[in-house]
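In: Return atomic coordinates for the entry below.
(one chain, ligands or ions: 3)
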Amino acid sequence: MKILSAEQIRKWDEFTILNEPISSIDLMERAARQCTQWFEQKKGGFRKIRIFCGKGNNGGDGLAIARQLVEKDILSDVYILEFGSLGTNDFQTNLSRLHSFPVTIHFIQHQDFFPVIDKADLIIDALFGSGLNRPLDGLSLQLVQHLNKSAATIIAIDLPSGMFADKPSPTNAVIKAHETLTFQQLKFCFLFPENEPFFGEVHVLNIGLHPDFSIAGNSMFELTDWKMIKEIYKPRKQFSHKGTYGHALIVAGEKGKMGAAVLCTRGCLRSGAGLVSAMVPEEQFAIIQTAVPEAMAIAQETIETVDLSKYTTVGIGPGTGTSEESARLLQRVLVNYNRPIVIDADGLNIIAANDELLSELPPGSILSPHPKEFERIFGKTENHLERIQTARLQAQKLFVYIIVKGHYSFVACPDGEVYFNSTGNSGMATGGSGDVLTGILTGLLAQGYSAKESCLLGMFLHGLSADIAVKTTSQEALVAGDITEYLGKAFLSIAN
Ligand SMILES: NC(=O)C1=CN([C@@H]2O[C@H](COP(=O)(O)OP(=O)(O)OC[C@H]3O[C@@H](n4cnc5c(N)ncnc54)[C@H](OP(=O)(O)O)[C@@H]3O)[C@@H](O)[C@H]2O)[C@@H](O)CC1
Ligand SMILES: Nc1ncnc2c1ncn2[C@@H]1O[C@H](COP(=O)(O)OP(=O)(O)O)[C@@H](O)[C@H]1O
Ligand SMILES: [K+]
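Out: Ligands and ions are numbered 1, 2, ... in the order given. Predicted structure coming up:
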């Protein structure tokens, strides 16, 4: 699913209005109805509902919600922030419709008109949405500060007021919502970690924008979805054998960090590689052979003589440390191997300390840094958007796939496309989760998925497995090993 800018979504509205066809006021009514239904199902027990409206269409939504709630016998007070303009047509229509309902409407012209808010109140924030074109100032800024100071629950409509839909809002005053009801699809701003304190939990409400709207080529940002992943997934062939699915080499682990090697190797096996060899320090053989008997062990000390060409791919870095010997392991792989490989963790740290290695990366390889590792290699970035842009440029320049891990991990591809992963949960914020991902990516590459397919399917499977696991384990008790255990269920839900 493409991630659209506020401007593209506005065009989608226009397309829907023209082609469904539906009037703009009825489309607003439908959007408001989705919110009202959500409030009816989810919310109750508040002392008072206070709906704060601007004079754009976001405010229009707020007014329509107030009317629809009162039709369900849920009363609210409406506050309209006065800042000169008459308001959009749909705002005005909804205001006149509201006048015949028993709703108290307050006009706020000065901060003396700000109501005292009780912590048991529910605030609906319909001040500004995707039309915000400059940071809030004056009365609107004061009102946002006033609402944020209250201890009441705040639900934002479409966006927390003050937040830009498509770019960072680092110095803006923004409503701190507990939950946000956004329309049709995630806006770009919901993918930025720095915005989380403002949007809280986001719910995407389907307002039925026209399915035929053509957005192809209009956005280089895309969110993975089931349809895309099911198209990538290849069922195994009946007459296949272990040779069909490649031989993966995992180079991982050192004394004290053998867990990384075990998790990575298990992830690789569980993602379907035909054969897996784990290259670990010779004195650690007992650990890997006991923990993962399905894998063959090979000594890191043999790196200078081993024939790397017999491996279909290599995954290198988890828990190797950054010693001179570990750097030699990576160097030797980079110089002697020319098919796509996966580099993670200490492999990336070694590159950060020896940036000439960047020019040795086999074309089409996958780097999977977390944000800190990313910055060590590519430099500090001011915000997530800058990180996305840097990753995009570097992926194109180096002809590699760069997966930056996080809540919405993304992969920047050499063709300039950026895909955000839609699965996963914060139970995965636990040591070793990334090592499992490296194993999965290597396992998928080994069995013949392209590097791009491996990134998309790998990130999705990794998050999906954790999503399935937490239903049994809870987020708190999830450990990285559970992600490997539940990979089977993740594959089954993609295959069926
Ligand atoms: N498909 C969908 O998504 C649907 C979306 N819908 C809804 O429409 C919303 C978008 O509505 P919108 O375009 O009217 O803009 P909105 O955000 O209400 O207000 C911004 C207005 O305020 C102004 N303004 C800007 N910055 C300002 C500032 N700092 N301080 C003061 N003023 C400022 C600016 O006007 P200006 O001052 O620039 O003339 C602008 O016109 C969207 O979020 C969703 O809720 C649904 O109803 C239907 C389906
Ligand atoms: N809050 C979260 N939501 C979704 N995924 C997460 C979250 N926290 C961590 N993850 C995932 O867990 C993995 C952590 O990787 P990494 O930071 O390399 O950890 P480690 O080095 O301990 O293995 C990444 O794939 C990341 O996307
Ligand atoms: K809002």
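In: Spell out which parts of this structure neighbour ligand 2.
Out: Within the chain, the residues that sit near ligand 2 (C-beta under 6 Å from any ligand atom) are 345, 370, 405-407, 409, 424-426, 428-429, 431-435, 437, 462. Where C-beta positions appear, they are placed from N, C-alpha and C, glycine not excepted.
In: Give the PyMOL command for selecting the buried subset of the residues you listed.
Out: Entered in PyMOL, the line below selects the buried ones among those, by 16 or more other C-beta atoms under 10 Å:
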select buried, resi 345+370+405+406+409+424+428+432+433+434+435+437+462
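In: Contacts only, for residue 183.
Out: Listed by C-beta atoms under 8 Å, 6 or more residues apart in numbering, the contact set of residue 183 reads 9, 31, 34, 158, 204, 205, 207.
In: What's the PyMOL syntax to select whichever of these are buried?
Out: To isolate the buried ones among these in PyMOL, judged by 16+ other C-beta under 10 Å, type:
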select buried, resi 9+31+34+158+205+207
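In: among the contacts of residue 183, which are in strands?
Out: The members of those that map onto strands under DSSP state E are 204, 205.
In: name the helices or strands packed onto the helix or strand containing residue 397?
Out: Residue 397 is part of helix 384-398, with elements assigned from DSSP states H and E. Contacts defined by 3 or more C-beta pairs under 8 Å, 6 or more residues apart in numbering; DSSP states H and E place helix 384-398 against helix 371-378, strand 401-404, strand 410-412, strand 418-420.
In: Nearest to ligand 1, out of these?
Out: Of all the helices and strands packed on helix 384-398, strand 418-420 sits nearest to ligand 1, with 19.3 Å by C-beta to the nearest ligand atom.
In: What is the three-state secondary structure of the nearest residue to residue 475 once chain neighbours are set aside?
Out: Nearest non-adjacent residue to residue 475, counting by C-beta to C-beta, 6 or more residues apart in numbering: residue 427, 3.4 Å away. When classified by DSSP: H, G, I helix; E, B strand; the rest coil, residue 427 comes out as helix.
In: Which pLDDT value belongs to residue 427?
Out: Listed pLDDT for residue 427 reads 98.
In: Could you do residue 43 as well?
Out: Looking at residue 43, the pLDDT reads 65.
In: returning to that earlier point: got the helices and strands packed on helix 384-398 as JSON lines, with distance to residue 298 columns?
Out: Shown next, in JSON lines, are these (distance: least, C-beta to C-beta, whole Å):
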{"stretch": "helix 371-378", "distance to residue 298": "26"}
{"stretch": "strand 401-404", "distance to residue 298": "26"}
{"stretch": "strand 410-412", "distance to residue 298": "29"}
{"stretch": "strand 418-420", "distance to residue 298": "34"}
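In: Could you dump the ones you listed into a markdown table and include mean neighbour count?
Out: As requested, the helices and strands packed on helix 384-398 are exported to a markdown table (neighbours: other C-beta atoms under 10 Å):
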| stretch | mean neighbour count |
| --- | --- |
| helix 371-378 | 18 |
| strand 401-404 | 27 |
| strand 410-412 | 27 |
| strand 418-420 | 22 |
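In: Could you dump these into TSV with distance to residue 364 and mean pLDDT added?
Out: Converted to TSV, those look like this (distance: least, C-beta to C-beta, whole Å; pLDDT from 0 to 100):
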stretch	distance to residue 364	mean pLDDT
helix 371-378	18	97
strand 401-404	7	98
strand 410-412	13	98
strand 418-420	16	98
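In: Can you tell me how far the residue nearest to residue 475 is from residue 200?
Out: Separation of residue 427 from residue 200 (C-beta to C-beta, to the nearest Å): 18 Å.
In: Phi, psi for residue 122 please.
Out: Backbone torsions of residue 122, given as degrees, to the nearest 10, read phi -110, psi 130.
In: Residues in a beta bridge with it, which ones?
Out: Applying DSSP bridges to residue 122 gives these bridge partners: residue 49, residue 153.
In: OK, contacts around it?
Out: 43, 46, 48, 49, 50, 152, 153, 155.
In: and of these, the nearest to residue 221?
Out: Using C-beta to C-beta, residue 155 comes nearest to residue 221 of those, at 26.4 Å.
In: Now do residue 428 against residue 202, distance only.
Out: For residue 428, the distance to residue 202 - C-beta to C-beta - is 18 Å.
In: which residues sit in contact with the most centrally placed residue in the chain?
Out: In the chain, the centroid-proximal residue (C-alpha atoms, centre = their mean) is residue 408; its distance is 1.8 Å. Contact analysis of residue 408 by C-beta under 8 Å, 6+ apart lists 191, 223, 420, 421, 422.
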